[in-house]
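Asks: can't give you the sequence, but here's the structure:
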(Lines give C-alpha, C1' and ligand atoms only; values in the text may rest on other atoms or scores of the structure.)
Protein backbone atom coordinates (compact mmCIF):
# COMPACT_ATOMS: atom_id res chain seq x y z
CA UNK A 1 0.00 0.00 0.00
CA UNK A 2 1.34 3.41 -0.91
CA UNK A 3 0.19 7.02 -0.82
CA UNK A 4 0.18 8.89 -4.11
CA UNK A 5 -0.79 12.41 -5.04
CA UNK A 6 0.47 15.56 -3.42
CA UNK A 7 -0.90 17.29 -0.33
CA UNK A 8 -2.91 20.47 -0.92
CA UNK A 9 -0.19 22.43 0.93
CA UNK A 10 2.67 21.39 -1.39
CA UNK A 11 4.28 24.35 -3.19
CA UNK A 12 3.55 24.60 -6.93
CA UNK A 13 0.97 21.81 -6.67
CA UNK A 14 -1.41 21.49 -9.60
CA UNK A 15 -5.04 20.57 -8.99
CA UNK A 16 -4.70 17.31 -10.97
CA UNK A 17 -2.07 16.08 -8.44
CA UNK A 18 -4.70 15.46 -5.79
CA UNK A 19 -6.35 14.37 -3.73
CA UNK A 20 -3.76 12.29 -1.92
CA UNK A 21 -4.95 8.73 -1.51
CA UNK A 22 -3.80 5.22 -0.69
CA UNK A 23 -3.25 2.71 -3.47
CA UNK A 24 -2.77 -1.03 -3.09
CA UNK A 25 -0.19 -2.37 -5.51
CA UNK A 26 0.48 -5.86 -6.72
CA UNK A 27 4.21 -6.53 -6.56
CA UNK A 28 6.09 -4.98 -9.45
CA UNK A 29 9.66 -4.38 -10.51
CA UNK A 30 11.00 -1.32 -12.28
CA UNK A 31 14.18 -0.80 -14.24
CA UNK A 32 16.89 1.01 -12.31
CA UNK A 33 17.31 3.62 -15.05
CA UNK A 34 15.43 4.73 -18.14
CA UNK A 35 16.01 2.57 -21.23
CA UNK A 36 19.31 3.45 -22.84
CA UNK A 37 19.83 4.02 -26.54
CA UNK A 38 21.95 0.86 -26.72
CA UNK A 39 19.16 -1.22 -25.14
CA UNK A 40 16.63 0.32 -27.53
CA UNK A 41 18.91 -0.25 -30.55
CA UNK A 42 19.36 -3.91 -29.68
CA UNK A 43 15.62 -4.63 -29.29
CA UNK A 44 14.75 -2.56 -32.39
CA UNK A 45 17.12 -4.76 -34.43
CA UNK A 46 15.71 -8.08 -33.23
CA UNK A 47 14.19 -10.24 -35.94
CA UNK A 48 11.06 -12.16 -34.95
CA UNK A 49 11.66 -15.79 -34.06
CA UNK A 50 9.15 -18.57 -34.51
CA UNK A 51 6.02 -17.68 -32.53
CA UNK A 52 6.99 -14.02 -32.10
CA UNK A 53 5.11 -11.28 -33.86
CA UNK A 54 6.06 -7.61 -33.94
CA UNK A 55 3.29 -5.06 -34.06
CA UNK A 56 5.18 -2.12 -35.54
CA UNK A 57 8.59 -1.09 -36.80
CA UNK A 58 10.90 0.63 -34.32
CA UNK A 59 13.36 3.30 -35.37
CA UNK A 60 16.64 1.96 -33.92
CA UNK A 61 18.11 5.47 -33.55
CA UNK A 62 15.28 7.90 -32.71
CA UNK A 63 17.14 10.11 -30.24
CA UNK A 64 18.30 13.67 -30.78
CA UNK A 65 21.17 13.51 -28.25
CA UNK A 66 23.13 10.43 -29.27
CA UNK A 67 25.09 8.10 -26.97
CA UNK A 68 24.80 4.43 -26.03
CA UNK A 69 24.35 5.21 -22.32
CA UNK A 70 22.02 8.16 -22.79
CA UNK A 71 18.29 7.54 -22.40
CA UNK A 72 16.35 6.83 -25.55
CA UNK A 73 14.13 9.80 -26.41
CA UNK A 74 11.76 10.90 -29.14
CA UNK A 75 9.78 7.66 -29.05
CA UNK A 76 6.00 7.52 -29.02
CA UNK A 77 3.86 5.77 -26.44
CA UNK A 78 3.09 3.15 -29.11
CA UNK A 79 6.83 2.63 -29.70
CA UNK A 80 7.41 2.19 -25.96
CA UNK A 81 4.56 -0.34 -25.82
CA UNK A 82 6.05 -2.24 -28.77
CA UNK A 83 9.43 -2.34 -27.00
CA UNK A 84 7.74 -3.89 -23.93
CA UNK A 85 5.83 -6.38 -26.09
CA UNK A 86 9.02 -7.53 -27.81
CA UNK A 87 10.77 -8.01 -24.47
CA UNK A 88 7.78 -9.96 -23.16
CA UNK A 89 7.63 -12.24 -26.19
CA UNK A 90 11.38 -12.87 -26.27
CA UNK A 91 11.85 -13.52 -22.54
CA UNK A 92 8.51 -15.07 -21.59
CA UNK A 93 8.22 -12.54 -18.74
CA UNK A 94 5.69 -9.72 -18.63
CA UNK A 95 7.13 -6.25 -19.37
CA UNK A 96 5.00 -3.13 -19.34
CA UNK A 97 5.15 0.58 -18.87
CA UNK A 98 4.35 1.46 -15.27
CA UNK A 99 0.98 2.91 -14.39
CA UNK A 100 1.14 6.53 -13.28
CA UNK A 101 0.52 5.36 -9.70
CA UNK A 102 3.34 2.78 -9.89
CA UNK A 103 5.69 5.38 -11.34
CA UNK A 104 4.91 7.95 -8.64
CA UNK A 105 5.19 5.36 -5.87
CA UNK A 106 8.59 4.22 -7.17
CA UNK A 107 9.75 7.80 -7.72
CA UNK A 108 8.88 8.92 -4.20
CA UNK A 109 10.54 5.80 -2.75
CA UNK A 110 8.73 6.01 0.57
CA UNK A 111 9.10 9.77 1.03
CA UNK A 112 6.31 12.30 1.50
CA UNK A 113 8.24 15.26 0.10
CA UNK A 114 7.78 16.72 -3.40
CA UNK A 115 10.99 15.00 -4.54
CA UNK A 116 12.59 11.79 -3.36
CA UNK A 117 15.55 13.96 -2.29
CA UNK A 118 13.48 16.36 -0.18
CA UNK A 119 11.59 19.61 -0.56
CA UNK A 120 13.38 20.90 -3.63
CA UNK A 121 15.50 19.84 -6.57
CA UNK A 122 18.93 21.04 -7.68
CA UNK A 123 20.98 20.48 -10.82
CA UNK A 124 23.40 18.41 -8.73
CA UNK A 125 20.58 15.89 -8.15
CA UNK A 126 18.97 15.77 -11.59
CA UNK A 127 19.25 16.93 -15.19
CA UNK A 128 16.59 19.55 -15.93
CA UNK A 129 16.36 23.21 -16.95
CA UNK A 130 17.64 24.63 -13.67
CA UNK A 131 17.10 28.19 -14.90
CA UNK A 132 13.61 27.52 -13.52
CA UNK A 133 13.40 26.87 -9.81
CA UNK A 134 10.94 24.88 -7.74
CA UNK A 135 9.45 26.91 -4.89
CA UNK A 136 12.40 28.64 -3.20
CA UNK A 137 15.05 26.31 -4.64
CA UNK A 138 18.25 27.61 -6.20
CA UNK A 139 18.93 28.13 -9.89
CA UNK A 140 21.56 25.81 -11.30
CA UNK A 141 23.16 24.42 -14.42
CA UNK A 142 21.09 23.92 -17.55
CA UNK A 143 22.86 21.26 -19.61
CA UNK A 144 20.60 21.62 -22.67
CA UNK A 145 20.82 17.91 -23.47
CA UNK A 146 20.31 14.50 -21.93
CA UNK A 147 23.04 12.99 -19.80
CA UNK A 148 24.08 9.33 -19.50
CA UNK A 149 21.65 7.38 -17.32
CA UNK A 150 22.67 6.83 -13.72
CA UNK A 151 24.85 9.93 -13.55
CA UNK A 152 22.90 11.38 -10.62
CA UNK A 153 22.21 9.92 -7.16
CA UNK A 154 19.67 7.13 -6.81
CA UNK A 155 16.56 7.48 -4.69
CA UNK A 156 16.18 5.41 -1.51
CA UNK A 157 15.11 2.38 -3.55
CA UNK A 158 18.08 2.52 -5.93
CA UNK A 159 16.20 4.03 -8.89
CA UNK A 160 17.98 6.70 -10.89
CA UNK A 161 16.84 9.55 -13.13
CA UNK A 162 13.29 9.50 -11.79
CA UNK A 163 13.49 13.32 -11.68
CA UNK A 164 14.63 14.90 -14.92
CA UNK A 165 16.68 13.84 -17.94
CA UNK A 166 13.71 12.66 -20.06
CA UNK A 167 9.94 12.52 -19.85
CA UNK A 168 8.77 8.97 -19.22
CA UNK A 169 5.71 7.23 -20.62
CA UNK A 170 3.18 5.60 -18.31
CA UNK A 171 0.68 2.90 -19.17
CA UNK A 172 -2.49 4.78 -18.37
CA UNK A 173 -4.01 8.01 -19.66
CA UNK A 174 -3.61 11.34 -17.92
CA UNK A 175 -6.40 12.24 -15.49
CA UNK A 176 -7.54 15.72 -14.56
CA UNK A 177 -7.50 14.67 -10.90
CA UNK A 178 -7.06 11.51 -8.85
CA UNK A 179 -10.77 11.58 -7.95
CA UNK A 180 -12.15 8.41 -9.51
CA UNK A 181 -8.90 7.69 -11.40
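Replies: Looks like it came in fine. What you are looking at is a predicted structure, and each value in this text was computed from that prediction instead of being measured. Residues are numbered from 1 along each chain as shown.
Asks: Lowest mean pLDDT among the helices and strands of this structure, which one is it?
Replies: Every helix and strand of the chain was ranked by mean pLDDT, DSSP states H and E. The lowest is strand 2-4, at a mean of 74.
Asks: Which parts of this protein are strands?
Replies: Counting by DSSP state E, one finds strands in the chain at the ranges 2-4, 21-23.
Asks: List the contacts of the last one.
Replies: Yep, that's strand 21-23 we're talking about. With C-beta atoms under 8 Å, 6 or more residues apart in numbering as the contact definition, strand 21-23 has outside contacts at 1, 2, 3, 4, 5, 101, 105, 178. Every residue, glycine included, has its C-beta placed from N, CA and C.
Asks: how many neighbours does the third one have?
Replies: To tie it back to what came earlier, the one meant is residue 3. 15 (other C-beta atoms under 10 Å).
Asks: what's near enough to touch it?
Replies: Applying C-beta under 8 Å, 6+ apart to residue 3 gives the contacts 20, 21, 22, 23, 112.
Asks: Backbone dihedrals for the closest residue to residue 120 other than its chain neighbours, please?
Replies: Residue nearest to residue 120 in three dimensions, not counting chain neighbours: residue 137, with 3.5 Å by C-beta to C-beta, 6 or more residues apart in numbering. Note on residue 137: its backbone torsions stand at phi -70, psi 160 [degrees, to the nearest 10].
Asks: isn't residue 137 right next to residue 121, touching?
Replies: Yes: taking contacts as C-beta atoms under 8 Å, residue 137 lies within contact range of residue 121: 6.2 Å.
Asks: Which one of these two is surrounded by more residues?
Replies: residue 121 (22 against 18).
Asks: ok, so what distance separates the residue of the chain most remote from its centre from residue 90?
Replies: Distance to the chain centre peaks in the chain at residue 50, reaching 32.0 Å (criterion: C-alpha atoms, centre = their mean). Per C-beta to C-beta, to the nearest Å, residue 50 is found 12 Å from residue 90.
Asks: Show me the shaky parts of the chain.
Replies: Filtered on pLDDT under 70, the chain yields the residue ranges 7, 175-181.
Asks: Buried ones in the longest helix seen in it, by neighbour count?
Replies: When the chain is parsed with DSSP state H, its longest helix is helix 77-91. For helix 77-91, the neighbour count (16 or more other C-beta atoms under 10 Å) marks 79, 80, 81, 82, 83, 84, 85, 86, 87, 89 as buried.
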